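[1] Build me a model from this:
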Amino acid sequence: MAQASGRVPGDEAIGQATGRGPVLAWGLWDWGSAAFQALILTFVFSVYLTDKVGENLPGGVSASAWLGWALGAGGLLVAVTAPISGQWFDAAARRKFSLGVLTALTVVLMAAMFFVRDDYHYLWLGLVLLALGTVTFELAGVPYNAMLRQVSTPATVGRISGFGWAMGYFGGIALLLICYVGFIAGDGDTRGVLGITTEGGLNIRLVVLLAAVWFTVFALPLFFRVPEVPRTDADPGAAVRVSALDGATGARSRGPLRWLRAIGASYRVLWRDIRELWVTDRRTVWFLIASAVFRDGLAGVFTFGAVLAVRVYGFSDSDVLLFGIAANVVAAIGALATGRYDDRVGPKPVIVVSLAAMIVCGLALLAVSGPALFWVFGLALAGFVGPAQASSRSFLARLAPPGREGQLFGLYTTTGRAVSFLAPTMFGLFVWVTDSERFGIIGLVLVLIAGLIALLPVRDSDLKNR
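    I've put the predicted structure just below:
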């Protein structure tokens, strides 16, 4: 029931948009967003920047190094803005509006990448667009993940989270196959079945345009089928800060100062809320820390899987592409299949079993050789990545106080960014110490073990009904 202030209790937003239509629309955003994650950030545009655009870059710094620094700068900006952004999305009841703005900005930045030709003079344009796109894309994930509680009930949050992750995997696979066959496959001056010229990097630039259109088309249903979250009384302090921030647009001479004051006030509310969490619900803090560690291990599995396949297990370039597709399919199926177990027994057992299985598979990979056994244990490893990711999201959704999901998912993003150096550093350390890429697996396994140990004490006995 609405209160006199026009606000409702936070728990009235739970299950606000259940039903197949809203759930499908929510999942389609994940399907569409794979265009940025798979094509722009991982497999196509970032590789194009380092291998083609920056190929003849003068000076002593490589294009790969500049790429790392640009993404690092973008990641830092995400880390410092995600928590207060989530706080504002919640208190202002503008989750869908904010997701729409951030999605539109990401699409515009993707489309602008079409103007990055394969000439080192365009490298800086490409790096700026990619870094900014990373910021808007990751910030968009905060209100999107917070919407999980709107399209699910306590009895379905696990399976719907798994459905969203699976849609992201399948969307990435579908678009990669379309782009590879249509624009990239083959040799010579024209590529793909469409015979697109490689002059000026046109074939890759058209892939980027297709990715922008793909994201737009599949993101749109969410904005028609999922309603805006209602204003709640979940965090009155943050609501006051939002009013100050909303008023910062008036009085031109005072506007910038009021913005700075409102942002500073948002950080004070954030630290207040973190202190309250530590006192009243310390397990949320521990889960944020534990999940940050094991999520970095999960990311490391996919990041270094291709390197290991080629350098250690004798895969060809074409085999790696096929394995990458198969690994994403298996991860998606795993996320779908375990969603019901998440709802029945809670998310923690799913994460614990998944991490333990990944540790066993990682240790097995240390002892085997050849592509056949890598297919077996590598796909088994990938099959548990999806469940761990999906149940991690549902775990936090169940932990979050109703009406404050955005703030918690903002912290989720920030803590993940804060430890994103762990898996790459540990992998590199063991490769350097042993002078063998094979033993880099030990570094990844140790990160997964650390995340599992940190998760085990986190209480979950009351989460199945939340």
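[2] any idea where the helices of the stretch 51-200 of the chain begin and end?
    63-91, 95-112, 123-146, 157-179 (DSSP state H, counting those that start in this stretch).
[3] Buried residues in the first one, which are they?
    The reference is to helix 63-91. 63, 66-67, 70-71, 73-75, 77-79, 81-91 (16 or more other C-beta atoms under 10 Å). Bear in mind the C-beta positions are built from the backbone N, C-alpha and C, glycine included.
[4] pretty sure residue 359 is touching residue 447, no?
    No - the criterion here is C-beta atoms under 8 Å, and residue 359 misses it with residue 447 at 10.2 Å.
[5] okay, the two: which has more neighbours?
    Using other C-beta atoms under 10 Å as the criterion, residue 359 and residue 447 rank with residue 447 on top: 26 against 19.
[6] what about the more buried one, which helix or strand?
    helix 440-455 (DSSP states H and E).
[7] other SSEs contacting that helix?
    Packing partners of helix 440-455 (3 or more C-beta pairs under 8 Å, 6 or more residues apart in numbering; DSSP states H and E): helix 282-311, helix 347-367, helix 422-434.
[8] Any chance of a markdown table for those, columns mean pLDDT and distance to residue 195?
    Putting these into a markdown table (pLDDT from 0 to 100; distance: least, C-beta to C-beta, whole Å) gives the following:
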| stretch | mean pLDDT | distance to residue 195 |
| --- | --- | --- |
| helix 282-311 | 87 | 28 |
| helix 347-367 | 95 | 41 |
| helix 422-434 | 87 | 39 |
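[9] and of those helices, who's closest to residue 97?
    Ranking those by proximity to residue 97 (C-beta to C-beta) places helix 282-311 first, at 26.1 Å.
[10] Report the angle between the first helix or strand past the closest one going along the chain and helix 157-179.
    Following helix 282-311 in sequence order, the next helix or strand is helix 317-345 (DSSP H and E). Going by axes from the mean of the first three to the mean of the last three C-alpha atoms, to 10 degrees, helix 317-345 is angled at 160 degrees with respect to helix 157-179.
[11] Buried ones in helix 317-345, by neighbour count?
    With burial defined by 16+ other C-beta under 10 Å, the residues of helix 317-345 counted as buried are 319, 321, 323-324, 327-336, 338-339, 341-343.
[12] ditto for stretch 364-384
    365, 374, 375, 377, 378, 379, 380, 381, 382, 383, 384.
[13] That one: how far from the chain's middle?
    Centroid separation for stretch 364-384 versus its chain: 25 Å, with C-alpha atoms, centre = their mean, to the nearest Å.
[14] One more: stretch 277-284?
    For stretch 277-284, the distance to the chain centre is 25 Å (C-alpha atoms, centre = their mean).
[15] And the helices of the stretch 51-200 of the chain: which comes nearest residue 313?
    Short answer: helix 157-179, nearest of those by C-beta to C-beta, at 21.8 Å.
[16] check contacts around the residue lying closest to residue 448 once chain neighbours are set aside.
    Once flanking residues are discounted, residue 448 sits nearest to residue 297: 4.1 Å by C-beta to C-beta, 6 or more residues apart in numbering. Listed by C-beta atoms under 8 Å, 6 or more residues apart in numbering, the contact set of residue 297 reads 358, 422, 423, 444, 447, 448, 450, 451.
[17] Tell me if I'm right that the third one and residue 445 touch.
    Meaning residue 423. No - counting by C-beta under 8 Å, residue 423 stays clear of residue 445, with 10.3 Å between them.
[18] So the two - more neighbours on which side?
    Neighbours were tallied for residue 423 and for residue 445 using other C-beta under 10 Å; the higher tally belongs to residue 423 (26 against 23).
[19] any idea how far residue 151 is from the closest residue to residue 379 other than its chain neighbours?
    Sequence neighbours aside, residue 330 is the residue nearest to residue 379 in space, at 5.2 Å (criterion: C-beta to C-beta, 6+ apart). Between residue 330 and residue 151 the distance, using C-beta to C-beta, to the nearest Å, works out to 25 Å.
[20] Counting neighbours, which bits of stretch 123-131 end up buried?
    Under 16+ other C-beta under 10 Å, the buried positions of stretch 123-131 are 123, 126, 127, 128, 129, 130, 131.
[21] what does stretch 453-463 give?
    Buried residues in stretch 453-463 (16+ other C-beta under 10 Å): 454, 455, 458, 460, 463.
[22] okay, those in a markdown table with pLDDT and distance to residue 118 next?
    Converted to a markdown table, the buried residues of stretch 453-463 look like this (pLDDT from 0 to 100; distance: C-beta to C-beta, whole Å):
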| residue | pLDDT | distance to residue 118 |
| --- | --- | --- |
| 454 | 96 | 44 |
| 455 | 96 | 45 |
| 458 | 93 | 49 |
| 460 | 83 | 51 |
| 463 | 70 | 51 |
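[23] picking that back up, just put the helices of the stretch 51-200 of the chain in TSV and tack on distance to residue 55 and mean pLDDT.
    Below are the helices of the stretch 51-200 of the chain laid out as TSV (distance: least, C-beta to C-beta, whole Å; pLDDT from 0 to 100):
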stretch	distance to residue 55	mean pLDDT
helix 63-91	7	82
helix 95-112	21	96
helix 123-146	10	94
helix 157-179	21	93
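[24] Out of those, flag the one nearest residue 291.
    Closest of those to residue 291 is helix 123-146, at 12.4 Å (criterion: C-beta to C-beta).
[25] That closest one packs against which elements?
    helix 20-34, helix 45-48, helix 63-91, helix 95-112, helix 405-418.
[26] switch the cut-off to 10 Å
    On a contact count with 3 or more C-beta pairs under 10 Å, 6 or more residues apart in numbering; DSSP states H and E, helix 123-146 meets helix 20-34, helix 45-48, helix 63-91, helix 95-112, helix 157-179, helix 202-225, helix 385-399, helix 405-418.
[27] mind listing what residue 31 touches?
    Listed by C-beta atoms under 10 Å, 6 or more residues apart in numbering, the contact partners of residue 31 are 24, 164, 166-172, 174-175, 214-215, 217-219, 221.
[28] Need the contacts of residue 297 in JSON lines (columns: distance to residue 97).
    Output for the contacts of residue 297, formatted as JSON lines (distance: C-beta to C-beta, whole Å):
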{"residue": "358", "distance to residue 97": "38"}
{"residue": "422", "distance to residue 97": "35"}
{"residue": "423", "distance to residue 97": "35"}
{"residue": "444", "distance to residue 97": "39"}
{"residue": "447", "distance to residue 97": "37"}
{"residue": "448", "distance to residue 97": "38"}
{"residue": "450", "distance to residue 97": "38"}
{"residue": "451", "distance to residue 97": "34"}
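[29] And those residues, which two are furthest apart?
    Distance extremes for the contacts of residue 297: the farthest pair is 358 and 422 at 15.3 Å, using C-beta to C-beta.
[30] More neighbours: those two, which one.
    residue 358 (27 against 23).
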